[in-house]
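S.K.: I would like the atomic coordinates for the input below:
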Amino acid sequence: MIKRSALLLALSPGALSAEMHEQLASGFLVDDVIHCDQMVDVDLELHVWNVVQAGGSTLGAWGTASEELDCWFETEIEFSWSVPSTQMTMAACYVADRVQPTIFALQMFPELPGVVQVWEQGVDEPMTFEVCEAPR
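M.R.: Predicted coordinates:
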């Protein structure tokens, strides 16, 4: 529970509604909400592995993870949907046996709460990540 509380603080608690706090309890967003089931009732560190092993991708304040590509952001992302925002960061992306520097732009909009569009340098379409609904 301490890890989750610390992670929530890192996700800019002042900018999120109480409901969004609850939804971000895992600290990660997923590329397809079907993967939300892998993120329930497991140790925080297992959330990412469960989603990746199921073929999905995750987004957290410090990077992305997927089967073939892991990227670590240079600056921490602050998740906030209160106003339209774009955050840019450099990242070290690990592909197979090499490290590749990449630039990311992350966009959040009030009309799409819980959704983050991630633009990666050299890729024509954004990746879309969503907050998992809080378990009931």
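S.K.: drop to CA atoms for contacts and neighbour counts, all remaining ones
M.R.: Will do.
S.K.: How much space separates the residue nearest to Ala105 when sequence neighbours are not counted from Ile77?
M.R.: In this structure, Ala105 finds its nearest non-sequential neighbour in Met88, 4.3 Å apart by Cα to Cα, 6 or more residues apart in numbering. To Ile77, Met88 is 9 Å away according to Cα to Cα, to the nearest Å.
S.K.: same question, Asp31
M.R.: 17 Å.
S.K.: and the residue positioned nearest the centre of the chain, what does it touch?
M.R.: Centroid-nearest residue in the chain: Leu59, 2.1 Å away (criterion: Cα atoms, centre = their mean). When contacts are counted by Cα atoms under 8 Å, 6 or more residues apart in numbering, Leu59 touches Phe28, Leu29, Val30, Asp31, Ala65, Phe129.
S.K.: can you tell me how far the residue lying farthest from the centre of the chain sits from Glu68?
M.R.: In the chain, counting by Cα atoms, centre = their mean, Asp97 sits farthest out from the average C-alpha position, at 23.7 Å. Separation of Asp97 from Glu68 (Cα to Cα): 11 Å.
S.K.: Point out where the protein drops to low pLDDT.
M.R.: When residues are selected by pLDDT under 70, those of the chain lie in 1-27, 39-45, 134-136.
S.K.: can we see that at 90?
M.R.: Counting by pLDDT under 90, the chain shows low-confidence ranges at 1-28, 34-53, 68-69, 95-97, 132-136.
S.K.: Please name the bridge partners of the residue nearest to Thr89 when sequence neighbours are not counted.
M.R.: Distance criterion Cα to Cα, 6+ apart; nearest residue to Thr89, sequence neighbours excluded, is Phe104 at 5.4 Å. Listed beta-bridge partners, Phe104: Thr89, Glu120 (assigned using DSSP bridges).
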